[in-house]
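Participant: sequence first, predicted model second:
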Amino acid sequence: MPNIDNKPYFGCAIMLSKLQKAIQLETHPVAVLWSDQFPSDAITPGKGHPDKCLVTLASRAAYDGEIAAVGRDNYGCGGAGYHLGFAGLPSPHFRYFLSCGIPGKVRGEGYKKTPELVDVWVDNSKPLPAPADYCIMKPLNLLSEEDEPESVFFLVNPDQLSALIVLANYDLPGNDGVIAPFGSGCDGIILYPRIERMGRKRGIVALTDISVRSILPAGILGFAVPFERALKMEENVPGSFLEREDWLEVSNRL
């Protein structure tokens, strides 16, 4: 296999077929990529889908195998525009929106105890600038040779998530090959894997944002990882716990 640390490998491994089979994945793994060209067959807020939430589009990509895209001129909600690097903070009252609110003026989500804690989180969690005009979510089986995926995310149940967490740590000396950071749904499946790709390439337990949980079926979470790391995980399936007794016993109930 070519050196996947330097250049994505576009061949049969792009399907992550061993990994999908081992965890009995029934949804589509979804690649995240960026382009200045809008895919003509993509669903986007206002075109093929009325919902403004990026996670709804991501769910359609994973469950229905559709291509989804948002861009500088159509990113759905203000939160997606901010977290994907297309726009600034969606509201001057964001610090109150994420925390205690302003009675009669701003609804408070209660995700941070105080506005001051929101300020610290925002200062320490700056989004990366969008590298192109469109962020595209494309099922792996629809990728072309020209596509350059940045990351991939999976919608999984707890057993499948457990397997992905263990596999992401399988070839590492420590135990922190996966993190579960606080953030929006957009952060978990788009921004945080982008950041990890620039550094340690850890996996992300994603879609824990309470605001998007009702969009997803109960018992479903996300796992996102830089694309090169996903290919390494695919390479590590043979000989791992995924072929051994304990996992095979668990997988009988999937």
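Facilitator: Nice, thanks for sending it over.
Participant: how about the contacts made by residue 86?
Facilitator: Contacts for residue 86 (CB atoms under 8 Å, 6 or more residues apart in numbering) come out as 70, 71, 72, 75, 80, 130. For glycine as for every other residue, the C-beta is placed from the backbone atoms N, C-alpha and C.
Participant: tell me which of those fall in strands.
Facilitator: 70, 71 (DSSP state E).
Participant: are any of the contacts of residue 86 buried, and which?
Facilitator: With burial judged by 16 or more other CB atoms under 10 Å, the buried subset of these is 70, 71, 72, 75, 80, 130.
Participant: pLDDT weak spots in this protein?
Facilitator: Applying pLDDT under 70 to the chain flags the ranges 1-14, 47-50.
Participant: pick out the residue nearest the middle of it.
Facilitator: Note on the chain: the residue nearest the mean C-alpha position is residue 189, at 1.7 Å, using CA atoms, centre = their mean.
Participant: so that residue sits in a helix?
Facilitator: Yes. Secondary structure of residue 189 (DSSP: H, G, I helix; E, B strand; the rest coil): part of a helix.
Participant: wait, it sits on residue 221?
Facilitator: No. No contact is recorded between residue 189 and residue 221 when judged using CB atoms under 8 Å, the distance being 10.8 Å.
Participant: find residues that contact each of these two.
Facilitator: 206, 207.
Participant: quick one: the strands in the stretch 151-254 of the chain?
Facilitator: 151-156, 178-179, 203-206, 221-226 (DSSP state E, counting those that start in this stretch).
Participant: first-to-last residue distance for stretch 102-118?
Facilitator: 14 Å (CA to CA, to the nearest Å).
Participant: off-centre distance for it?
Facilitator: Relative to its parent chain, stretch 102-118 has a centroid offset of 26 Å by CA atoms, centre = their mean, to the nearest Å.
Participant: do the same with stretch 157-172
Facilitator: Using CA atoms, centre = their mean, the offset of stretch 157-172 from its chain centre is 15 Å.
Participant: just the residues contacting that stretch, thanks.
Facilitator: Contacting residues not belonging to stretch 157-172 are listed as 19, 22-25, 154, 156, 175-178, 202-203, 205, 219-221, 223, 225, 229, 232-233, 236-237, 240-242, 247, 250-251, 253-254 [CB under 8 Å, 6+ apart].
Participant: thinking residue 29 is in contact with residue 139, fair?
Facilitator: Yes. With contact defined as CB under 8 Å, residue 29 reaches residue 139; the gap is 7.2 Å.
Participant: between these two, which one's more packed in?
Facilitator: Taking neighbours as other CB atoms under 10 Å, residue 29 and residue 139 compare with residue 29 leading, 22 against 19.
Participant: for that one, what are phi and psi?
Facilitator: Phi and psi for residue 29, reported as degrees, to the nearest 10, are phi -60, psi 140.
Participant: residue ranges for the helices of the stretch 51-200 of the chain, please.
Facilitator: 54-64, 78-83, 94-97, 115-124, 158-169, 185-186, 192-197 (DSSP state H, counting those that start in this stretch).
Participant: residue 95 versus the residue located most distally from the centre of the chain, what's the distance?
Facilitator: Within the chain, the residue lying farthest from the chain centre (CA atoms, centre = their mean) is residue 104, at 34.5 Å. Note on residue 104: its distance to residue 95, by CB to CB, to the nearest Å, is 17 Å.
Participant: cool, residue 18 as well?
Facilitator: 46 Å.
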